[in-house]
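**Q** predicted model and sequence below, questions to follow.
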Amino acid sequence: MLNVRHKTWAKVAAAVVPAALLLLASGAPVAVDAAPRAVATAVVRYVVPSGNDGSSDCALITPCQTVQRAVAVAQAGDEIHVAVGTYGGTMFAGSIDSGVTAVVIITTNIAALRGGYSTNFAAQDPQAYPTVLSAAGAPGAYVLLVSGQSTLVDGFTLSGATGACSPGCGTHYPGGAVRLRGGAPTLRHNRITGNVAYLRGGGIYVGDGAVATIEANVIEGNSVDGNGGGVFVQNGNAVISGNQILSNIAVVEGGGIYIDVGVPAVIRNNAIGYNQATNPVASRGAGVRTVGNTLVTISHNDVYSNTLFWGGGAGLDVGSPAIVDGNSIHHNSLHIGGWGGALILAGVTLPVTVTNNLVYANHGSGVQSVNSTRVAFVNNTVANNVHVQPDSGTEADAYLIWFDSPPGGPVVMTVYNNVLAGNEQCGLFYHGAPGGGVTSGNNDSWNNHSGAGNYCEQAVPSAGDISANPLFAGGADFHLQAGSPALNIGTSTLAPARDKDCVLRPQGGGIDLGAYERIGLSASRALGLDQKVFLPLILLALAPVC
């Protein structure tokens, strides 16, 4: 992942992106990590379908036939390179839980397990040379289990898991395709698809103290009968970046990602789309669900077209202290009803900051804060969200603050510098908020509920507020045009130092309202990164991180 500041971003994009786009347009395969070099002191072991497991060393001239043999031969620090083909079989570890089966179990600190090689190992390209680890013939098995190690797993398709369980299925285990158990493993450039899990983590389960890096993978079409259809993180930590997390299903919570109690996770630069939470009575967080009392960072993701049948947070459901910054949250839907079509902050008493987000075209309201007491909602653009419950009166489709009963502790809610425009119901709506608990100002609330509902119930215009057409660029582009009344009129109080495009604030005589600071075309706007759908990984890798 590139992590460049704004000054260098345009130069990097100008040099790299045209060539990348030309390559993608040509249909030619993109070599994710062509001919990677092993560590100088490492031994490389080789696996190819035509190999022989009688080999004692899995050397290039005497490759092994199965990944299991190569894992058994490899020593700490070695790499294993696996050629194109489909690999099954199983390994068993009786010392883990009540006995664990997987296609591949790594309990030695192998430096890397890499797939996607040509049969002569001259090139690595997972698109051109798909290398599949499949548990289709092994009921009750994981595809991959990494236990207590820092191994890199790169360039595989992982599929076919039907739910991990102990011998005889006496105990169901969390995790579908992948279980990361302790250590500091990395999953990169893999496709994790078509797996089923019990309890937690249809695609990936991170637990037992693991500190995991999950980057540049496609995590698609996995399911779980509980929480975390794509990824579940519990009793560990994870940086989840640059992935496409698509069309996963959780019956209860976290269709795309579920972050459990006590997990300081980072979720950034991912495309999180078409995931579902399907319980018809109460489900949460079709895209992402977080819980607990530990800070989670959710930044610069594209969260779109996720569906919740009934409950809270079709896009994001945040139940932990969090930084929610620079995300595009759009076209998410509450299928039957509930709260927070785009984003809900529910029952959080520790600080949450929501900044620089673009929230548009969601079905079932925009952003709702329910029984949360310390939320800073600053420099967001919330536009064109529609209502899903015609009997719910003037509930906000832009930003709602709601308390079911008087909160037991202090309330510090701040609402500054936002553009709330063209939403079907109310712009700002405060219910049950204690006097002085909400500080608001310098917002543009315009044309919500056909202009008749810019402020509802306890919400009233505050100092610096306007109600005027913000003059968006048009279509799905919510940058402000020259002459917009929302330019240069924001307050610097709590304003983020950079905008959604990583542009420094202010650029003119003052802070602009909404998610974008106007400077003309920015690098990310020129690339269309704010409206990406199924964005190729090469462009996800180039997305700005402030």
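**A** Noted; the coordinates are in hand. Remember, it's a predicted structure, so these values are computed and weren't measured experimentally. Residues are numbered from 1 along each chain as shown.
**Q** and the residue nearest to Gly315 when sequence neighbours are not counted, how many neighbours does it have?
**A** Leaving aside its sequence neighbours, Gly315 sits nearest to Asn332 (Cβ to Cβ, 6 or more residues apart in numbering; 3.9 Å). Backbone N, C-alpha and C define where each C-beta goes, glycine included. Asn332 is flanked by 31 other residues according to other Cβ atoms under 10 Å.
**Q** also Ile110?
**A** 24.
**Q** contacting residues around it?
**A** Val71, Ala74, Ala76, Gly77, Asp78, Glu79, Ile80, Gln149, Thr151 (Cβ atoms under 8 Å, 6 or more residues apart in numbering).
**Q** doesn't the first one lie inside a helix?
**A** Yes: Val71 forms part of a helix when assessed by DSSP: H, G, I helix; E, B strand; the rest coil.
**Q** ok, what's across the strand from Val104?
**A** Beta-bridge pairing for Val104 (DSSP bridges): Leu144.
**Q** for it, give me its contacts.
**A** Residues in contact with Val104, defined by Cβ under 8 Å, 6+ apart, are Val67, Gln68, Val71, Met91, Leu113, Leu133, Val143, Leu144, Leu145.
**Q** so the third one makes contact with Asp78?
**A** No: in this structure, Val71 sits apart from Asp78 without contact. The criterion is Cβ atoms under 8 Å, and the distance is 9.7 Å.
**Q** wait, isn't Val375 in contact with Val354?
**A** Yes: counting by Cβ under 8 Å, Val354 is a contact partner of Val375 at 6.7 Å.
**Q** follow-up on the earlier one: list the contacts for the residue nearest to Gly315?
**A** 286-287, 303-308, 314-315, 341-342, 362-364 are the contacts of Asn332 under Cβ under 8 Å, 6+ apart.
**Q** quick one: low-confidence ranges for the chain?
**A** Across the chain, the ranges flagged by pLDDT under 70 are 1-41, 389-395, 520-545.
**Q** excluding chain neighbours, give the residue nearest to Pro321 in space.
**A** Using Cβ to Cβ, 6+ apart, the nearest residue to Pro321 is Leu350, at 3.7 Å.
**Q** no, scratch that, I was asking about Val503
**A** Glu517 (4.8 Å).
**Q** one step back: now, which of the contacts of Ile110 lie within helices?
**A** When DSSP state H is applied, the contacts of Ile110 are split such that Val71 fall in helices.
**Q** top of the contacts of Ile110 by number of neighbours, please.
**A** Ile80 (27 neighbours).
**Q** isn't that one up against Arg114?
**A** Yes: counting by Cβ under 8 Å, Ile80 does reach Arg114; the two are 7.0 Å apart.
**Q** list phi and psi for the residue lying farthest from the centre of the chain.
**A** Centroid-distance maximum for the chain: Gly54 at 43.4 Å, with Cα atoms, centre = their mean. Gly54 adopts backbone torsions of phi -80, psi -10, taken as degrees, to the nearest 10.
**Q** list the contacts for it?
**A** Contact partners of Gly54, counting by Cβ under 8 Å, 6+ apart, are absent.
**Q** 10 Å instead?
**A** Thr62, Cys64, Gln65, Arg69 (Cβ atoms under 10 Å, 6 or more residues apart in numbering).
**Q** what sits closest to the last one if chain neighbours are left out?
**A** With sequence-adjacent residues excluded and distances taken as Cβ to Cβ, 6+ apart, Arg69 is closest to Asp53, at 4.3 Å.
**Q** check the gap between that neighbour and Val47 for me.
**A** Between Asp53 and Val47 the computed distance is 9 Å (Cβ to Cβ, to the nearest Å).
**Q** with Ala111 instead?
**A** Remark: distance between Ala111 and Val47 (Cβ to Cβ) = 16 Å.
**Q** higher neighbour count, these two?
**A** Ranked by neighbour count (other Cβ under 10 Å), Ala111 and Val47 place Val47 first, with 28 against 21.
**Q** surely the more buried one is in contact with Glu79?
**A** No: Val47 lies out of contact with Glu79 (Cβ atoms under 10 Å); the separation is 11.3 Å.
**Q** what touches both of the two?
**A** With Cβ under 10 Å, 6+ apart as the test, Val47 and Glu79 both reach Ala70, Leu113.
**Q** overlap in contacts, Val375 and Val354.
**A** Jointly contacting Val375 and Val354 under the rule Cβ under 10 Å, 6+ apart are Val318, Ala322, Val324, Leu345, Val367, Ser369, Tyr399, Val415.
**Q** mind checking the SS state of the residue nearest to the last one when sequence neighbours are not counted?
**A** If you skip the residues right next to it in sequence, Val415 has Ser440 as its closest partner in space, 4.1 Å away by Cβ to Cβ, 6+ apart. Under three-state DSSP, the three-state class of Ser440 is strand.
**Q** where's Thr213, which helix or strand?
**A** strand 211-215 (DSSP states H and E).
**Q** who are the packing partners of that strand?
**A** Where contact means 3 or more Cβ pairs under 10 Å, 6 or more residues apart in numbering; DSSP states H and E, strand 211-215 is packed against strand 178-181, strand 186-188, strand 204-207, strand 231-233, strand 237-241, strand 266-268.
**Q** contacts only, for Val82.
**A** By Cβ under 10 Å, 6+ apart, the contact set of Val82 is 45-49, 63-64, 66-67, 70, 104, 113-117, 121, 124, 129, 131-133, 155-156.
**Q** which element, helix or strand, includes it?
**A** Counting by DSSP H and E, the element that carries Val82 is strand 79-83.
**Q** partner strands of that strand and their direction?
**A** Using DSSP bridges, strand 79-83 pairs in its sheet with strand 44-47 (parallel), strand 112-117 (parallel).
**Q** so which of the ones you listed gets nearest Trp446?
**A** Trp446 lies closest, by Cβ to Cβ, to one member of those: strand 112-117, at 51.2 Å.
**Q** the closest one: how far from the chain's middle?
**A** Distance of strand 112-117 from the chain centroid (Cα atoms, centre = their mean, to the nearest Å) equals 25 Å.
**Q** elements contacting the helix or strand following that strand?
**A** Using DSSP H and E, the helix or strand that directly follows strand 112-117 along the chain is strand 131-134. Using 3+ Cβ pairs under 10 Å, 6+ apart, the elements in contact with strand 131-134 are strand 79-83, strand 85-87, strand 100-106, strand 112-117, strand 142-147, strand 157-159.
**Q** strand 131-134 pairs with which strands, and in what direction?
**A** In the sheet, strand 131-134 lines up with strand 85-87 (parallel), strand 157-159 (parallel) (DSSP bridges).
**Q** for Leu157, give me its contacts.
**A** For the record, residue 157 is Thr, not Leu. Here Thr157 is in contact with 86, 115-116, 126, 130-134, 143, 177, 190-194, 218 (criterion: Cβ under 10 Å, 6+ apart).
**Q** what's the answer for Asn384, then?
**A** Asn384 makes contact with 330, 359-362, 366, 397-398, 421-424, 447, 472, 476, 478, according to Cβ under 10 Å, 6+ apart.
**Q** the protein: helices as residue ranges?
**A** Under DSSP H, the chain gives helices at 6-26, 67-73, 523-527, 537-540.
**Q** re earlier: now the residue nearest to Gly315, what are its backbone angles?
**A** Residue torsions, per degrees, to the nearest 10, at Asn332 are phi -80, psi 160.
**Q** distance of it relative to Val266?
**A** From Asn332 to Val266 the distance is 21 Å (Cβ to Cβ).
**Q** cool, and Ile110?
**A** With Cβ to Cβ as the criterion, Ile110 and Val266 are 26 Å apart.
**Q** ok, back up a step: around the residue nearest to Val503, how many other residues sit close by?
**A** By other Cβ under 10 Å, 29 other residues sit near Glu517.
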